[in-house]
Structure formats: structure tokens, C-alpha cells
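Asks: below are the sequence and a predicted model for it; my questions follow.
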Amino acid sequence: MQQQPKIRILEAIRQGQVGGGETHILNLVEHIDRTRFEPVVLAFTGGQMIDRLGEIGIRNFVIPSTRPFDVFKWQAVRRLMQQEAIDIVHVHGTRANSNVYWAAKALGLPVIYTIHGWSFHDDQSWLTKKLRIFYEQWITRKVNRNISVSDSNQQTGSKYIAHFKSDVINNGINLRQFNPAAVQGGLRSKWGIAGDTCVVGFAARMTEQKDPLTLISAFQQALAVNSNMVLLMVGDGELKQQAIALAATLGIDSKVIFEPFRADVPEVLQAMDIFCLPSLWEGLPIGLLEAMAMEKAVVATAADGSCEIVQHDSNGLIVPVQDAAALAAALVRLAGDAGMRARYGQAARATVAGGFDVDNMTRKIENIYLQTLAN
């Protein structure tokens, strides 16, 4: 019996540096049914995601561009789709969509758009927000299918876009990989952290969205109450140098450890007692899911996607966005109560195990691919 040809999927995203959307793609292509699907990944910058894809044998391409609507790259995108005999284009994020959609449609290919958080936010100027809403309205109606990574994405879309429809498929993580019972320790001693010191951790790209500067200010306030803490900040990004400078200006640089991006995320999380994600907005934060799976006590800001995962005073703590005093109080509370940290951590892992598994996520996305081709 003749074997059916594999369905070739182009997964497209704006950058090759590792962030939430890029981790989502890595999880998806590592767990997709390779007997039925052949993933190919396109990014518009290089980075650790591209390196990792090469290591695991996934075809990947970089068409260099840092601009949305970069019309000079559209022909290269189209050639790539033809060269790779793509059947479905799956675009992650608005900027990638702006540089992929027209090439796909010129070839008559179906386009699926995953919204990892919207491109418009309340902190933008009126004009910027209006223009981005207009584009999101247009593109979500033009693609064949929309996927929201959280209920809040769907709700926000419905608020601003008439008749918006999407399939809500929550981000998922590998619970076997992020299992505290299976992860080796050792990084605390490498970094010179004493066993009785409470480690507050941040592991994300240091960008405006993730708001690392408010965390540093909050940590200074928390140290005034409990000095037996260190802040571990792992990641790169455009605000990293400002973060280093702020820690020095506040006189707490001896209490803050800055590390570059690391691929050994479970081991990094194992070194933490408290995980903090002070984001201004979120789709459904994968880093938060990973920390919760590792049974960490988490503190998150009241960003849409984070509030879907963290139930205040049940499996973690929620504080207002950009409220350094409230964040400091939450850190002090958790640092002083190991029993509370343990209870929250256990409840956090149960939350992730109950609805955020990567295999479940991948099977749902595979079904979207099959339904899209059938239609």
C-alpha cells in the first residue's frame, strides 16, 4: 500500500531568539506526529531557537529582516514556500504575519494565525493602538483559521474585533522534562548561593513587556525587610543593561545575579525558591507554566494570560501591574514562609498537569491542520 505523503507545515515567527512564542514552536515541532506531518520553520532573525532546531533535525530558514511589512522580503518568502512544497502556513505573531501572509496567498496556501498575545496594548499611544487594532481586524478575517493561546486572547479579540472567532488551544509544556523529581540541582552552589538563602528568580527576555526594572525596584524594597534573599535574573534583551545599571544605582548589585540565556531551563528553575513574572501583558506565559510545573511558588502580575493560570492565594500570588510595593510585599511574604511556598508549588504543578500538557496541545493543533486542508 502506497504511503501517504506527509503534510508540510511552515511554522513562521519573527525572531530566532528564544521567547514564549519560539518555545511554543520548539515544543510543537518536537512533539508533532512526524509520520503525518513535516514541519519547516522560518524566522526573520537567527538565535537559540534556530540553533536548537538544527540540533533536533528540523529544517529551518532565516530570511533576515527586523521590519514589519518588509515588502522586499516577500519574494524570498514565496520562493521558500515553493522550494519546500509547503501545504499549510502557520504564522505565530503579528509581525511574522505581515511578512508571510501575502506570499502564502499568492500561492493559494491556507494560513493559520496563532495569537500569542495581541499587538495592541493600553500603554500605547492612541494612534499606535488604533492602527494595530485595524491591522489585527483585517488579518484575522483574511486567514483561514485563528488560534488563541488563552481564553483572554479570545475575549480581547471579541472586544475589539467584530465577529472575531478563534480556536482556544492553551500553551502546553513537557511535564516529563519539567519534573522537579527528575532534575539535578547544583547551580546554586555554582553561583555561590548559600543553602538557606531564598532565591527569587526571573527567567525571560528582558524587554519592556516583561518589566524587569519594576522587579529590581521591588526587590530592593523586599531586601529592607528580609536581607536573606538573592535575585537571579536569567535572560538577555534590550533592557538588560538598564537592569544591571539600576541594580547598581540602588546599591543591591551584590544581591542580584545576572546570567545570559541558558538552555538548561529546568535546572535553572530548580535553583529558585520563588519565580516572579512581572509582565505588563501576556498571552499565556510558557515560562510561568514551566516554573509551576517545577513546583515553584510563583508571583505574577495581573496580566491577562497570567491570571488564567495563577489563582491568587491558591497556587501562587497575583499583584497589580507595575506596583513595586505590592510585588515587594508578596516576595517578603513568600520568602518568610517555606510551608506556603511548598503548598503553592504543589498546587501549581497540579494546575499545569490538569490542562497545559504539550501532547494535548499538539494533538489539537494537528487536528486544526487536518480540518484546514479538508476545507
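Replies: Structure's in. What do you need? Residues are numbered from 1 along each chain as shown.
Asks: can you tell me, leaving aside adjacent residues, what's nearest to Gly157?
Replies: Among residues not flanking Gly157 along the chain, Phe164 sits closest, at 4.1 Å (CB to CB, 6 or more residues apart in numbering). To be clear about C-beta, it is placed using only N, CA and C from the backbone, and glycine gets the same treatment.
Asks: ok but that neighbour is inside a strand, no?
Replies: No - assessed with DSSP: H, G, I helix; E, B strand; the rest coil, Phe164 is coil; it does not lie in a strand.
Asks: and it, how far is that from Arg8?
Replies: 29 Å (CB to CB, to the nearest Å).
Asks: between these two, which has more neighbouring residues?
Replies: Each of Phe164 and Arg8 has its neighbours counted (other CB atoms under 10 Å); Phe164 has more, 20 against 16.
Asks: ok, now which ones touch that one?
Replies: Thr140, Asn146, Gln154, Gly157, Ser158 (CB atoms under 8 Å, 6 or more residues apart in numbering).
Asks: by neighbours, which of those wins?
Replies: Counting by other CB under 10 Å, top hit in the contacts of Phe164: Asn146 with 24 neighbours.
Asks: name every strand pairing with whichever helix or strand that one is part of and say which way it goes.
Replies: Counting by DSSP states H and E, the element that carries Asn146 is strand 145-148. Here strand 145-148 is paired, per DSSP bridges, with strand 111-115 (parallel), strand 167-168 (parallel).
Asks: ok, residues contacting the first one?
Replies: It refers to strand 111-115. In contact with strand 111-115 (CB under 8 Å, 6+ apart) are residues 21, 24, 88-93, 97, 100-101, 104-105, 139-140, 142-149, 153, 157, 166, 283, 368-369, 372.
Asks: can you do 6 Å?
Replies: 89-92, 97, 101, 104, 143-148, 153 (CB atoms under 6 Å, 6 or more residues apart in numbering).
Asks: output the below-cut-off pLDDT ranges for the stretch 201-350 of the chain.
Replies: Confidence mapping of the stretch 201-350 of the chain against pLDDT under 70 gives zero matching residues.
Asks: would you map the strands across it?
Replies: With strands called from DSSP state E, counting those that start in this stretch, the stretch 201-350 of the chain shows them at 229-234, 256-259, 274-277, 297-301, 317-319.
Asks: any idea how far Glu11 is from His92?
Replies: In terms of CB to CB, Glu11 sits 7 Å off from His92.
Asks: distance from stretch 262-278 to the middle of the chain?
Replies: Offset of stretch 262-278 from its chain centre (CA atoms, centre = their mean, to the nearest Å): 14 Å.
Asks: okay, it in PDB with CA atoms only?
Replies: Extracted as PDB, the C-alpha positions of stretch 262-278 are listed here (Å, rounded to 0.1, in the frame of the first residue of the first chain):
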ATOM      1  CA  ARG A 262      20.500  29.300  29.300                       C
ATOM      2  CA  ALA A 263      19.100  26.300  27.600                       C
ATOM      3  CA  ASP A 264      19.000  24.200  30.800                       C
ATOM      4  CA  VAL A 265      15.800  25.800  31.900                       C
ATOM      5  CA  PRO A 266      14.700  23.000  34.300                       C
ATOM      6  CA  GLU A 267      18.000  23.200  36.200                       C
ATOM      7  CA  VAL A 268      17.800  27.000  36.400                       C
ATOM      8  CA  LEU A 269      14.300  26.800  37.800                       C
ATOM      9  CA  GLN A 270      15.400  24.100  40.300                       C
ATOM     10  CA  ALA A 271      17.800  26.700  41.800                       C
ATOM     11  CA  MET A 272      14.900  29.100  42.600                       C
ATOM     12  CA  ASP A 273      12.600  29.200  45.600                       C
ATOM     13  CA  ILE A 274      10.300  31.900  44.100                       C
ATOM     14  CA  PHE A 275       9.600  32.600  40.500                       C
ATOM     15  CA  CYS A 276       8.500  36.000  39.500                       C
ATOM     16  CA  LEU A 277       6.900  37.200  36.200                       C
ATOM     17  CA  PRO A 278       6.100  40.900  36.400                       C
END
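Asks: i'd like the first residue to be 4 from this point on
Replies: Right, with 4 as the first residue, what we last looked at is stretch 265-281.
Asks: in that stretch, what counts as buried?
Replies: By neighbour count on 16 or more other CB atoms under 10 Å, the buried set for stretch 265-281 is 268-281.
Asks: tell me which of the contacts of strand 114-118 is nearest to Ala345?
Replies: Using CB to CB, Asn156 is the member of these that sits closest to Ala345, with 32.0 Å.
Asks: for the closest one, report the pLDDT, please.
Replies: We have a pLDDT of 95 for Asn156.
Asks: check the gap between the closest residue in space to it that isn't next to it in sequence and Gly160 for me.
Replies: Once flanking residues are discounted, Asn156 sits nearest to Ile118: 5.0 Å by CB to CB, 6+ apart. Separation of Ile118 from Gly160 (CB to CB): 7 Å.
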